[in-house]
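Engineer: Give me coordinates for this.
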Amino acid sequence: MQRSLLWIPVLIGAYFLAFAWRGLVSGFFPDDMINMYGSWERSPTTLLKDLVLFWHNNYRPLGALIYRPLYEWFGMNPLPFRIAAFLLLFLNLWIAYRVAKLLSAATGVAVLATLIFAYQPYLSDMYVSTATIYDLECFACYWGAVWVYARGAGSWRRIALVTILYWLALNAKEMAVTLPGILFAYDIAFKRRPNWRALLPLGAMAASFAIGKVILMRQDAIVAPFIPHVTGERLHSALKHYSSLLLYMPAERSWAGYLVVAFVVLVIWRTTKPYVRFAAVAFLLIPIPVLFIDQRSLYVYYLPLFAWGLVWAGLVDNRRPVAVALMALIVFLNVRHVKIASEWIKEDSWKAPRMISELDKLRPARRILITNDSIPPDDWILLLAARLSRHDLELQVWRVAQMGQPQETDWDVKADFRDWQLRDIVWLKR
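Structural biologist: Modelled structure (predicted):
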């Protein structure tokens, strides 16, 4: 990189860290216990099989490539996981800048688009929770594939690279299924002949992925919240929910969804800039898979948020005062909303560390009877955390509230676990 352009990564990185640095030292969240355990209990052969059979009902196996080795090397120390997450966050900022620069051929547009994408307080999960590692991996592979395709996927080498990136993206997050449509939209927006040698294999992968996932998910009650239900009511509710957060409104507004969609459609209709039209279409199409499932927080918009930033950056291109005013407004909104958007962290961030700390009190017991607890009956997090903290797949934790009174009496210790704290510990064996 030329010395005169070094200000770009410094500016973007400093801006991002100014808001998100606390996430580098955050701990584990309850979802991390599930994700880490799922990657640890599977053999390397099974993990490889999950990656190859990407259309099966495997839980995002690409994430296991981070969870598994980091757990084996560092155990329950959250810092290495957070470093890995931040390395991916920075990688994605670089990819976003490169894609925006390639599409717009304008450094100013690329910088502004990347800054808008870099931080949004209602995506706080992305900055503090390792459980969003799947979204981070998916972004890198998804937009990396767009970058390779846009540079010209005429050769078989480039087609193969796009295909590999798409395969990895599918193994990271279900939203990646939209990529073939996005690449086709790119060709149309830039008036380029579609590269069917690349698009047809990707389309076949997307179809097999979608069909396989939907069929297999309907047979698994555990993933019921991820099963799409295509109804107008659900679409309206999702657009209202996500658009309100996108517009910095924690209290949902019914008109927010209509406003965002109408704005983006108007941009598609009126703009003369191919990259703005492409970004607007991408923003509408990419989140479709999450619009018909149970609602999450805005972190599920991490993938299309870059397209949203590129739309705005393109609209204010060559209008420096307007661009500065827009960025100043975004900074103001970020500062104003960072505490509101992070309230959930106070409620969830202490649970997994507290659980691990409490379970350490029961060492060296390997057969643990929990006579009473305040954890939902269908939640296995106590067992998973206990086994992970001991690195012992055979450790037994029997919860009466979950499994009823046990027939066995050969327990090492019994205790209550109410309000995330051990109580009434009775040692039966030492």
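Engineer: What is the end-to-end distance of stretch 164-183?
Structural biologist: Length of stretch 164-183, first residue to last, Cα to Cα, to the nearest Å: 15 Å.
Engineer: Other residues contacting it?
Structural biologist: Under the criterion Cβ atoms under 8 Å, 6 or more residues apart in numbering, residues 50-51, 54, 58, 60-63, 134-135, 137-138, 141-142, 144-146, 148-149, 162, 198-199, 202-203, 205-206, 209-210, 213, 226, 281-282, 285-290, 300, 303 lie in contact with stretch 164-183. Every residue, glycine included, has its C-beta placed from N, CA and C.
Engineer: what's the answer for stretch 418-426, then?
Structural biologist: With contact meaning Cβ under 8 Å, 6+ apart, stretch 418-426 is reached by 350-351, 354-355, 358-359, 361-362, 371-374, 413-417.
Engineer: The helix or strand that Ala206 is a member of: what's the following helix or strand?
Structural biologist: Using DSSP states H and E, Ala206 sits in helix 196-217. Downstream of helix 196-217, the next assigned helix or strand under DSSP H and E is helix 232-246.
Engineer: what comes up buried for that following helix?
Structural biologist: If you call a residue buried by 16 or more other Cβ atoms under 10 Å, then helix 232-246 has these buried ones: 234, 237-246.
Engineer: from these, which single one is nearest Gln407?
Structural biologist: In terms of Cβ to Cβ, no member of the buried residues of helix 232-246 lies closer to Gln407 than Arg234, at 44.4 Å.
Engineer: quick revisit: by contact count, what packs against the helix holding Ala206?
Structural biologist: Counting contacts by 3 or more Cβ pairs under 8 Å, 6 or more residues apart in numbering; DSSP states H and E, helix 196-217 is packed against helix 156-170, helix 179-189.
Engineer: So which of those is nearest Leu123?
Structural biologist: Leu123 lies closest to helix 156-170 among the helices and strands packed on helix 196-217, at 18.8 Å (Cβ to Cβ).
Engineer: buried set for that closest one?
Structural biologist: 158-159, 161-163, 165-170.
Engineer: Same question for stretch 363-379.
Structural biologist: By 16+ other Cβ under 10 Å, the buried positions in stretch 363-379 come out as 365-371, 373, 375.
Engineer: now for that stretch, what's the gap between its first and last residues?
Structural biologist: 22 Å.
Engineer: I would like the residues contacting it, please.
Structural biologist: Stretch 363-379 is contacted from outside by 362, 381-382, 386, 390, 392, 394-402, 406, 410-420, 424, 427, 429, using Cβ under 8 Å, 6+ apart.
Engineer: how close does Trp344 sit to Arg193?
Structural biologist: Distance of Trp344 to Arg193, computed by Cβ to Cβ, to the nearest Å: 47 Å.
Engineer: quick one: pLDDT of Asp360?
Structural biologist: Note for Asp360: predicted pLDDT of 93.
Engineer: So what's the residue count around it?
Structural biologist: Asp360 has 13 neighbours, counted by other Cβ atoms under 10 Å.
Engineer: just checking, it touches Ser389?
Structural biologist: Yes - in this structure Asp360 lies within contact range of Ser389 using Cβ atoms under 8 Å: 6.7 Å.
Engineer: Could you list the low-pLDDT ranges of the stretch 101-250 of the chain?
Structural biologist: Along the stretch 101-250 of the chain, segments meeting pLDDT under 70 span 153, 216-226.
Engineer: ok, now with 80
Structural biologist: Applying pLDDT under 80 to the stretch 101-250 of the chain flags residues 153-154, 213-229.
Engineer: Over to Ile368: give its phi and psi.
Structural biologist: Here is the backbone geometry of Ile368 (degrees, to the nearest 10): phi -120, psi 130.
Engineer: repeat for Val316
Structural biologist: The phi/psi pair for Val316 (degrees, to the nearest 10) is phi -100, psi 10.
Engineer: Isn't it up against Ile116?
Structural biologist: No - between Val316 and Ile116 there is no contact under Cβ under 8 Å: 10.5 Å.
Engineer: circling back to that earlier point, and Trp344 and Arg193? Which one has more around it.
Structural biologist: The neighbour comparison of Trp344 against Arg193 (other Cβ under 10 Å) goes to Trp344, with 14 against 6.
Engineer: Kindly format the C-alpha coordinates of stretch 65-85 as PDB.
Structural biologist: The C-alpha trace of stretch 65-85 is given here as PDB (Å, rounded to 0.1, in the frame of the first residue of the first chain):
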ATOM      1  CA  LEU A  65     -12.800 -24.700  12.700                       C
ATOM      2  CA  ILE A  66     -12.400 -21.900  15.200                       C
ATOM      3  CA  TYR A  67     -14.100 -23.200  18.300                       C
ATOM      4  CA  ARG A  68     -12.500 -26.600  18.200                       C
ATOM      5  CA  PRO A  69      -8.800 -25.700  18.000                       C
ATOM      6  CA  LEU A  70      -9.000 -22.700  20.300                       C
ATOM      7  CA  TYR A  71     -10.800 -24.800  22.900                       C
ATOM      8  CA  GLU A  72      -8.200 -27.600  22.600                       C
ATOM      9  CA  TRP A  73      -5.300 -25.100  22.900                       C
ATOM     10  CA  PHE A  74      -6.600 -22.600  25.400                       C
ATOM     11  CA  GLY A  75      -9.500 -24.300  27.200                       C
ATOM     12  CA  MET A  76     -12.000 -22.000  28.700                       C
ATOM     13  CA  ASN A  77     -10.000 -18.800  28.400                       C
ATOM     14  CA  PRO A  78     -12.200 -16.400  26.300                       C
ATOM     15  CA  LEU A  79      -9.400 -14.000  25.200                       C
ATOM     16  CA  PRO A  80      -8.000 -16.200  22.300                       C
ATOM     17  CA  PHE A  81     -11.600 -16.500  21.000                       C
ATOM     18  CA  ARG A  82     -12.100 -12.700  21.200                       C
ATOM     19  CA  ILE A  83      -8.800 -12.100  19.400                       C
ATOM     20  CA  ALA A  84      -9.900 -14.500  16.600                       C
ATOM     21  CA  ALA A  85     -13.200 -12.700  16.400                       C
END
